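> Let me see the structure of the following:
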Amino acid sequence: MKKLLAMLLCGVLTVSMLAGCGSKETQEETAPAQEEAEEETAETTDAADTASDTTGKPLDGVHLVVGLSPTYANFETVAEGSGEYEGIDIEILAALADKCGFTYEISNMNFASLIAAIQANQVDFVISGMSATDERREAVDFSDGYYTEKLGILFRTEDGFQSAADLNGKTVSCANGENYEMKIPLIEGVTLTTFENGATAIQELIAGRTDAVMTDGGNCQVRCEENPELSYFVIDPEEIGDTPSQYAIAFPKESEYYETINNALKELKDEGVIHEIVASWLGEENAD
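Next comes the predicted model:
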């Protein structure tokens with residue numbers, strides 16, 4: 001009996017040992033397979049990370065300095081109370097930053113200083129209601145246009161001006177450095193005067209120290225709403241032998257950012273974003 005029990009016990013131990021060996025071999029065979037699977041997963045993850053890097057926005061991680069003169073109502077001003085920049089150009093700038101991926105800071109300066117700031121590499125580009133004129137093209141490169149300039153004339157309502165002919169013998173003003181410095185002399189018989197910025201020019205008009213102010217026609221209605229004593233009319237460019245200018249973004253010559261930002265601007269125009277922004281500030285009739 002004891003011998004029989006001993007034999008049975010030995011058999012059980014043998015089976016247990018064999019089972020244990022089989023389990024260990026299975027684990028040893030499985031481990032490399034798991035490691036290979038983990039390596040394959042890691043390689044796949046790395047490949048996905050690399051793929052996602054190539055789909056980033058073209059100017060991700062780039063920080064730019066943008067020049068503008070925030071004294072142009074509806075295009076770029078500083079909002080009362082909040083102190084935040086607002087206007088058409090500010091919203092276009094934000095849309096460009098979102099599409100291209102760059103961050104930016106604004107450099108606030110007089111309009112007359114903007115071209116010089118580009119040439120001195122103090123700013124990466126300028127968006128500030130600036131007309132792309134032939135004279136300026138000698139110093140900077142311009143993007144495609146995003147707004148067609150309209151020649152508006154602000155005047156005191158009591159004077160009753162209705163056309164360019166009514167300005168003969170009068171003084172017409174604008175901000176120093178604006179494209180209007182070249183437009184005003186096209187009006188027969190006028191005297192040109194300039195002031196530090198557009199806001200100052202309008203204050204001088206209200207005070208009676210100038211007879212009229214030339215500014216963008218799409219902007220005149222808002223100026224008159226702010227100053228009920230003022231009225232306006234828009235000059236037909238052909239009346240003074242003029243061709244309408246386009247507002248555009250100004251870059252240093254051969255800027256590394258020109259092509260990317262200009263392409264983004266084209267896309268925003270094609271998508272209707274620029275039209276929507278202009279219409280929200282100047283009305284649908286001026287959103288061209």
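> Contact partners for the closest residue to Leu96 other than its chain neighbours?
The shortest distance from Leu96 to any non-neighbouring residue, by CB to CB, 6 or more residues apart in numbering, is to Ala264 (5.3 Å). The C-beta positions use only the backbone N, C-alpha and C, and glycine is treated the same way. Taking CB atoms under 8 Å, 6 or more residues apart in numbering, we find Ala264 in contact with 96, 99-100.
> Which of those residues sits closest to Asp242?
Asp242 lies nearest to Leu96 out of these, by CB to CB, at 29.3 Å.
> any low-confidence regions in this protein?
1-55 (pLDDT under 70).
> list the contacts for the residue nearest to the spatial centre of it?
In the chain, the centroid-proximal residue (CA atoms, centre = their mean) is Leu93; its distance is 1.4 Å. For Leu93, the contact set (CB under 8 Å, 6+ apart) comprises 66, 104, 127.
> Check for me that it belongs to a helix.
Yes: membership of Leu93 in a helix is supported by DSSP: H, G, I helix; E, B strand; the rest coil.
> how far away is it from Ile184?
Distance of Leu93 to Ile184, given as CB to CB, to the nearest Å: 29 Å.
> ok, now Ala199?
Taken as CB to CB, the span from Ala199 to Ile184 is 18 Å.
> Neighbour count: these two, which is higher?
Ile184 (25 against 16; other CB atoms under 10 Å).
> hmm, back to that, counting neighbours, which of the contacts of Leu93 comes out on top?
That'd be Ile127 among the contacts of Leu93, by other CB under 10 Å, with 26 neighbours.
> what's it sitting at in phi/psi?
Torsion angles at Ile127 (phi, psi; degrees, to the nearest 10) stand at phi -130, psi 110.
> OK, contacts around it?
Applying CB under 8 Å, 6+ apart, the residues near Ile127 are 66, 68, 76, 89, 92-93, 249-250.
> I'd like to know which of those is nearest to Phe161.
Comparing the contacts of Ile127 against Phe161 with CB to CB places Glu76 closest, at 27.6 Å.
> And the closest one, how far from Leu93?
Glu76 is 9 Å from Leu93, by CB to CB.
> Then Glu239?
For Glu239, the distance to Leu93 - CB to CB - is 34 Å.
> hang on, the earlier thing: now the residue nearest to Leu96: how far from Glu271?
Ala264 is 10 Å from Glu271, by CB to CB.
> what do you get for Val126?
23 Å.
> more neighbours, these two?
Using other CB under 10 Å as the criterion, Val126 and Glu271 rank with Val126 on top: 26 against 12.
> Got the phi and psi for the more buried one?
phi -130, psi 130.
> so what's it bridging to?
Gly67, Ala250 (DSSP bridges).
> That one contacts Gln119, doesn't it?
No: using CB atoms under 8 Å, Val126 is not in contact with Gln119; the gap is 10.9 Å.
> Spit out the residues that contact these two alike.
Val140.
> Going along the chain, name the helices of the stretch 51-200 of the chain.
88-100, 114-119, 134-137, 180-183, 198-206 (DSSP state H, counting those that start in this stretch).
> And these: which comes nearest Gly283?
Across the helices of the stretch 51-200 of the chain, closest to Gly283 is helix 88-100 (CB to CB), at 12.0 Å.
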